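**Student:** only geometry, no sequence info:
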């Protein structure tokens with residue numbers, strides 16, 4: 001009898017069945033696929049001890065649920081048993097709206113680690129960062145909690161408050177921050193112009209319609225003016241649906257492989273290819289990533305990097321190279337199980353490694369330095385005017401884009417895009433002027 005069937009029976013039947021089964025010679029059950037009888041005997045004994053002797057009465061259903069949670073907690077940080085609330089939260093997250101603090105989290109060494117804050121969320125507005133460790137939720141230490149338990153505490157009615165104790169790498173002391181829960185509406189995609197001809201698309205999370213939304217953003221930009229270069233911002237994007245990442249990467253590739261997955265089951269060995277259409281026809285592309293770029297974000301960055309379609313800039317990504325499959329057990333419960341690893345087109349697994357950018361740019365605060373004593377020819381008295389200039393004196397052009405002024409990584413990306421565009425124009429000019437030489 002399979003273990004899953006045993007657990008559906010009353011405890012007395014389970015224990016009786018296990019006892020009868022365990023009485024068989026071990027040689028009879030050593031074949032592959034048979035139950036580990038010694039371990040099952042231990043499980044049954046511990047189960048009965050808890051049931052009979054624990055200081056508080058716990059019903060059988062709750063004990064078995066604890067056992068299921070324990071099995072999954074000891075696999076990897078992304079496999080988990082989804083209770084009714086957790087299953088519902090997962091479903092609402094992929095559709096883009098839920099109530100909470102707005103952080104993607106995982107477990108590390110028994111603590112809850114922030115993978116990425118969601119744009120515009122209470123967590124993001126409070127300055128929480130990728131890599132921060134949540135030490136306490138209110139007055140309750142996180143150490144020893146399951147991820148689901150921590151998430152349940154962080155969830156709550158809109159407008160209610162919760163205090164988090166945060167440990168940050170590089171900081172000598174933890175600090176507290178109070179967040180007000182809110183309805184998190186994840187705007188998956190937004191677009192804007194950085195400068196005339198140079199577009200910007202930000203993807204906050206990969207949801208079911210992200211591919212279609214990015215296509216709409218591209219069409220909007222290109223309908224307004226000619227596109228000379230594009231920045232695709234995947235920083236602090238915790239990932240999401242694998243299919244959506246394939247759709248996004250495919251918008252910038254002319255066919256070919258985007259990602260492939262490998263697992264123990266035959267059904268997990270999959271290849272995902274792009275359609276034969278580059279939506280921006282080879283326009284220079286830069287992808288921005290950082291430590292908060294995970295999973296689906298790394299699929300996009302890795303594919304475009306391997307295929308030579310984009311320059312990847314920023315800092316090394318999170319390194320989540322595994323695929324989770326949600327397996328519903330009922331209408332209200334499910335198991336989220338890691339079933340495969342994914343690989344970039346060149347066969348790279350980025351699990352626990354991350355995507356290394358082509359150009360590393362650390363996030364920094366840049367302050368312009370002005371030298372009041374600096375002079376030029378135009379500052380000299382009786383200087384000669386430039387005969388080709390209609391203006392006697394021109395002021396230096398300043399960046400009037402707040403997004404660029406506060407974001408050195410984005411500013412460097414735009415600078416590189418301009419350089420790529422200039423080089424592309426020069427190459428085109430040379431090819432159009434120089435004729436093939438004939439033999440003499």
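**Tutor:** Now that the structure is in, tell me what you want to look at. Bear in mind the structure is a predicted one, so any value in this text is a computation, not a measurement.

**Student:** Let me see the ranges of the strands in the stretch 201-350 of the chain.
**Tutor:** Here the stretch 201-350 of the chain has its strands, by DSSP state E, counting those that start in this stretch, at 229-233, 257-263, 270-273, 285-289, 311-314, 322-328, 334-343.

**Student:** pLDDT (mean, whole number) over the longest one?
**Tutor:** What that stands for is strand 334-343. Over the span of strand 334-343, the pLDDT mean works out to 96.

**Student:** Could you list the paired strands of that strand along with their orientation?
**Tutor:** strand 80-82 (antiparallel), strand 257-263 (antiparallel), strand 322-328 (antiparallel) (DSSP bridges).

**Student:** Using neighbour counts, pick out the buried residues of the shortest one.
**Tutor:** Going back to what we said before, that points to strand 80-82. 80-82 (16 or more other C-beta atoms under 10 Å). Using the backbone N, CA and C atoms, a C-beta is placed for each residue, glycine as well.

**Student:** returning to that earlier point: I'd like to know which of the strands of the stretch 201-350 of the chain is closest to residue 239.
**Tutor:** Smallest distance to residue 239 across these (C-beta to C-beta): 9.9 Å, for strand 322-328.

**Student:** now the strands paired with strand 334-343 as JSON lines including distance to residue 239?
**Tutor:** Output for the strands paired with strand 334-343, formatted as JSON lines (distance: least, C-beta to C-beta, whole Å):
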{"stretch": "strand 80-82", "distance to residue 239": "16"}
{"stretch": "strand 257-263", "distance to residue 239": "12"}
{"stretch": "strand 322-328", "distance to residue 239": "10"}
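
**Student:** so what's residue 255 up against?
**Tutor:** Residue 255 makes contact with 273-277 under the criterion C-beta atoms under 8 Å, 6 or more residues apart in numbering.

**Student:** Can you select the buried ones among those residues for me in ChimeraX?
**Tutor:** Filtering those down to the buried ones (16+ other C-beta under 10 Å) takes a single ChimeraX command:
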select :274
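
**Student:** For the protein, just list every one of the helices.
**Tutor:** Taking DSSP state H as the criterion, the chain carries its helices at 3-6, 11-22, 37-53, 60-73, 84-95, 122-125, 147-154, 210-224, 242-250, 296-306, 402-405, 408-433.

**Student:** Could you point out which of the ones you listed sits nearest residue 105?
**Tutor:** With C-beta to C-beta as the criterion, residue 105 lies closest to helix 147-154 of the helices of the chain, at 7.0 Å.

**Student:** The closest one - contacts with which helices or strands?
**Tutor:** Identification of packing neighbours for helix 147-154 by 3 or more C-beta pairs under 8 Å, 6 or more residues apart in numbering; DSSP states H and E yields strand 80-82, helix 84-95, strand 103-108, strand 133-137.

**Student:** still on that earlier bit, just the buried residues of strand 80-82 now: which is nearest residue 50?
**Tutor:** Proximity of these to residue 50 (C-beta to C-beta) peaks at residue 81, which lies at 18.2 Å.

**Student:** what's near enough to touch residue 319?
**Tutor:** 294, 298, 350-354.

**Student:** Which pLDDT value does the model give residue 436?
**Tutor:** On the pLDDT scale, residue 436 gets 38.

**Student:** rewinding a little: can you tell me which of the contacts of residue 255 is closest to residue 192?
**Tutor:** residue 277 (24.0 Å).
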